[in-house]
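[1] 3D, please:
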Amino acid sequence: MLWARVFVAVGGIPILLLVAYLGSVWLLGVVAIISFLGLREYHHLLRRLGLKPPVLIGYLGTLGILLAVYWQREFSTYLPFLLLWVFLGGFLLRFPRYSLADIGATFLGCLYIPGSLAHLFLLRAGQSGSFGLLLYTFLLTWVSDTAAYFIGRGLGSRKLCPVLSPGKTWEGAWGAGVVTVAVGVLLGIYLFSLGGWRALVLSFLITLAAQVGDLIESGMKRLAQVKDSSHLLPGHGGILDRFDSLFLVAPVVYYFWKWLA
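    Have a look, this model is predicted:
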């Protein structure tokens, strides 16, 4: 329901903006809560697929990723391999309780959810990070999601990818792209001093990543045969439904900006 979506957004967006401004342990705490709740929903989807996720290892991996990135202010190349060794160690210690599919799918969830969201720390306080860059990321992600939703509902007729998400339309996708790039360029030039071509490229990458992230999570739900990842957020579904775009957007913005720096 639209009123429920608006109510949750009006209450949640100011909290996220405040946490983004404060940064530090406040941002760590909120990202940790979102990550653990999202991983819980992800484990539920895996169970519906007939898998047995090693929940404790997944939560420990989530905590390890978030703390390592928060303390080091970078996503070290050794981190995924260290996480992989932990999961494979759990596979050996609990053999034959968990299959390789159980281990692999849960490992993927740790990289997909906390591994992606950990880049919010880097956008805020990592190399070349700032509150402005994190704010720009949040705003354009929300603009892309909102434009795709309303333009798709109002003008959409041609299905974008019905096998993944029957509600997505080409009109919504193109409309979200145009609106996001336009807003991104204006904000980038006049408020965030990003420069014209940087704002143009970055806003395009953000809307592209946001829409692909949305389709990925829709595909997961289609496989698990559920409409929403949970009913935690009225009008939005679950954590995965609300933050699916940000999972891809945060790393894309960070590495694009790091490349520029």
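[2] residue 41 against residue 237, yeah?
    No. At 9.1 Å, residue 41 does not count as touching residue 237 under the criterion of C-beta atoms under 8 Å. Placement of C-beta: from N, CA and C, glycine included.
[3] quick one: which of the two has more around it?
    Per other C-beta atoms under 10 Å, whichever of residue 41 and residue 237 has more neighbours is residue 41, with 24 against 21.
[4] next structured bit after the longest strand belonging to the chain?
    Criterion DSSP state E: the longest strand present in the chain is strand 165-169. Using DSSP states H and E, the helix or strand that follows strand 165-169 towards the C-terminus is helix 170-190.
[5] okay, strands next: where are they in the chain?
    Going by DSSP E, the chain shows strands at 159-161, 165-169.
[6] quick check: angle from the last one to helix 170-190?
    Going by axes from the mean of the first three to the mean of the last three C-alpha atoms, to 10 degrees, strand 165-169 is angled at 60 degrees with respect to helix 170-190.
[7] can you tell me the closest non-neighbouring residue to residue 83?
    Nearest non-adjacent residue to residue 83, counting by C-beta to C-beta, 6 or more residues apart in numbering: residue 61, 5.2 Å away.
[8] related to what we said a few turns ago, contacting residues around the longest strand of the chain?
    148, 152, 155-161, 214-215, 218-219, 222 (C-beta atoms under 8 Å, 6 or more residues apart in numbering).
[9] from those, which has minimum pLDDT?
    Here the lowest pLDDT out of those sits on residue 156, with 70.
[10] show me the beta-bridge partners of the closest residue to that residue other than its chain neighbours.
    Distances taken as C-beta to C-beta, 6+ apart place residue 169 nearest to residue 156, at 3.0 Å, with adjacent residues excluded. Counting by DSSP bridges, residue 169 forms beta bridges with residue 159.
[11] how about the helices in the stretch 51-200 of the chain?
    Using DSSP state H, counting those that start in this stretch, the helices of the stretch 51-200 of the chain run over 55-72, 78-93, 100-112, 114-117, 119-125, 131-155, 170-190, 196-224.
[12] packing partners of the fifth one?
    In terms of contact count using 3 or more C-beta pairs under 8 Å, 6 or more residues apart in numbering; DSSP states H and E, helix 119-125 is assigned the packing partners helix 24-48, helix 55-72, helix 131-155, helix 239-260.
[13] what is the burial count for residue 124?
    Neighbour number of residue 124 under other C-beta under 10 Å is 24.
[14] where does residue 127 land on pLDDT?
    Among the per-residue scores, residue 127 holds a pLDDT of 67.
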